[in-house]
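Trainee: what follows is a predicted protein model with its sequence.
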Amino acid sequence: MITHTGPVRLNDYLFRDTWFIPAPGRVVFDTVVDLENYPRWWPDVRSVRKIDDDTAELVCRASLPYRLIVRMRRAEQDESRGLLKVCLEGDLEGSLAAAVTPHQAGTTLEITQQVVATKPLLRRLAPVARPLFLVNHALMMRRGHTGLRARLA
């Protein structure tokens, strides 16, 4: 299920996605924290460059003809509770939190992103293109979900 909540400001976004993955929780968690391998299973993540042990820079491009460069810095990683949180800087600023919950049939991955678009193109086009940005994000997340399921099948 994908839920998008209305903005406080035009360039603010809150995304909530819930993915079901038919794989053990530990395997899902390990794959989600392994940013360097995202391009192998998530087609919209074009490249990842490791900055240090807690920071990586991702270049993403989904369906619309623009790319986002986002630096992700680990803020929390608790394997025993299945929790992960990163701070985002760059074309999007804010945070992303993920919760991995194993259950009998597999694992649920809940992803919450609270961001502000800082890329000038996105800011300028938001008054007319915001609905397209939301669809673009939903398609990117759908491909990520499909890719993760295939990777762990």
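Mentor: Here it is on my side, so go on.
Trainee: so residue 50, which of the three states?
Mentor: Here residue 50 is recorded as strand under DSSP: H, G, I helix; E, B strand; the rest coil.
Trainee: identify the residue nearest it in space, chain neighbours excluded?
Mentor: In this structure, residue 50 finds its nearest non-sequential neighbour in residue 56, 5.2 Å apart by CB to CB, 6 or more residues apart in numbering. To be clear about C-beta, it is placed using only N, CA and C from the backbone, and glycine gets the same treatment.
Trainee: now whichever strand or helix holds the one you found: how far from the chain's centre is it?
Mentor: Element membership for residue 56, per DSSP states H and E: strand 55-60. Here the centre of strand 55-60 is set off from its chain's centre by 11 Å, with CA atoms, centre = their mean, to the nearest Å.
Trainee: same thing with stretch 87-94?
Mentor: Relative to its parent chain, stretch 87-94 has a centroid offset of 11 Å by CA atoms, centre = their mean.
Trainee: do the same with stretch 67-85
Mentor: A distance of 10 Å separates the centroid of the chain from that of stretch 67-85, by CA atoms, centre = their mean.
Trainee: could I get it in CSV with only the CA atoms?
Mentor: Written as CSV, here are the backbone C-alpha positions of stretch 67-85 (Å, rounded to 0.1, in the frame of the first residue of the first chain):
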residue,chain,number,x,y,z
ARG,A,67,18.0,12.7,-11.7
LEU,A,68,18.3,13.2,-8.0
ILE,A,69,21.5,13.2,-6.1
VAL,A,70,21.0,12.4,-2.5
ARG,A,71,23.5,11.8,0.3
MET,A,72,22.3,9.3,2.9
ARG,A,73,23.9,9.4,6.4
ARG,A,74,23.0,6.6,8.8
ALA,A,75,21.4,8.0,11.9
GLU,A,76,20.2,4.7,13.5
GLN,A,77,20.6,1.0,12.6
ASP,A,78,19.2,-1.5,15.1
GLU,A,79,19.2,-5.0,13.7
SER,A,80,17.5,-6.5,16.8
ARG,A,81,14.5,-4.2,16.4
GLY,A,82,14.6,-4.1,12.6
LEU,A,83,14.9,-0.3,12.6
LEU,A,84,16.9,1.9,10.3
LYS,A,85,16.9,5.7,9.9
